[in-house]
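Below are the sequence and a predicted model for it; my questions follow.
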Amino acid sequence: MGSLNRALLIGNLGKDPELRYTPDGLAILKFSIATTEYFNDKSGSKNERTTWHNIVVFGKLGQSIANYLSKGKQVFVEGRINNRSYDDKDGVKKYITEIVATNIVMLGARGASSGGADASEYSNNSAEGSNYDANKGGNADTGHQEEDDVPF
């Protein structure tokens, strides 16, 4: 039997996405989303925990959704979990976990501040971005990721 690497998230963008291009013209869209978990602690007090997820979208999918995403919009993201490392500007090795998205659905009512178009779905059906080696990724302009770019 094989293995499975699949992530499904619904969250809100923490800031506007960043669209960059590799020297060979491949589009790379990066943004982060927050997911919030609500729970009761041992004393019964209600708590919440927010987790930030770094999202990377390659190729035509990234280009097509870049203008529709903005801070606060709620999205469904489907993709795979990718771990990679890079050296920061001081030469210190840093590690990052990203979701390489293959499907994005904008959620919420049309025109609402926390939503996009009514469940507009975008998928990366081409092999262009799905075969990209994200371990060689990073800053699309320089080939490495600066410390200031993390988490985006």
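That came through fine. Computed from a predicted model, the values in this text were never measured in an experiment.

could you pull out the strands for this protein?
Using DSSP state E, the strands of the chain run over 7-13, 18-21, 27-40, 46-58, 74-87, 93-106, 120-123.

Let me know which of those strands is the nearest to Ala66.
strand 18-21 (4.4 Å; CB to CB). Just so you know, the C-beta spots here come from the backbone N, C-alpha and C atoms, and that holds for glycine as well.

packing partners for the closest one?
strand 27-40 (3 or more CB pairs under 8 Å, 6 or more residues apart in numbering; DSSP states H and E).

what is the rounded mean pLDDT of the strand it packs on?
In this model, strand 27-40 has an average pLDDT of 96.

Stretch 105-121 too?
58.

Now mean neighbour count and distance to Ser64 too, for the strands of the chain, in JSON lines please.
Below are those laid out as JSON lines (neighbours: other CB atoms under 10 Å; distance: least, CB to CB, whole Å):
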{"stretch": "strand 7-13", "mean neighbour count": "17", "distance to Ser64": "16"}
{"stretch": "strand 18-21", "mean neighbour count": "14", "distance to Ser64": "11"}
{"stretch": "strand 27-40", "mean neighbour count": "16", "distance to Ser64": "9"}
{"stretch": "strand 46-58", "mean neighbour count": "16", "distance to Ser64": "9"}
{"stretch": "strand 74-87", "mean neighbour count": "17", "distance to Ser64": "14"}
{"stretch": "strand 93-106", "mean neighbour count": "18", "distance to Ser64": "9"}
{"stretch": "strand 120-123", "mean neighbour count": "14", "distance to Ser64": "6"}
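
Could you export those strands to TSV, including columns for distance to Ile65?
Below are the strands of the chain laid out as TSV (distance: least, CB to CB, whole Å):
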stretch	distance to Ile65
strand 7-13	11
strand 18-21	10
strand 27-40	7
strand 46-58	7
strand 74-87	9
strand 93-106	6
strand 120-123	5
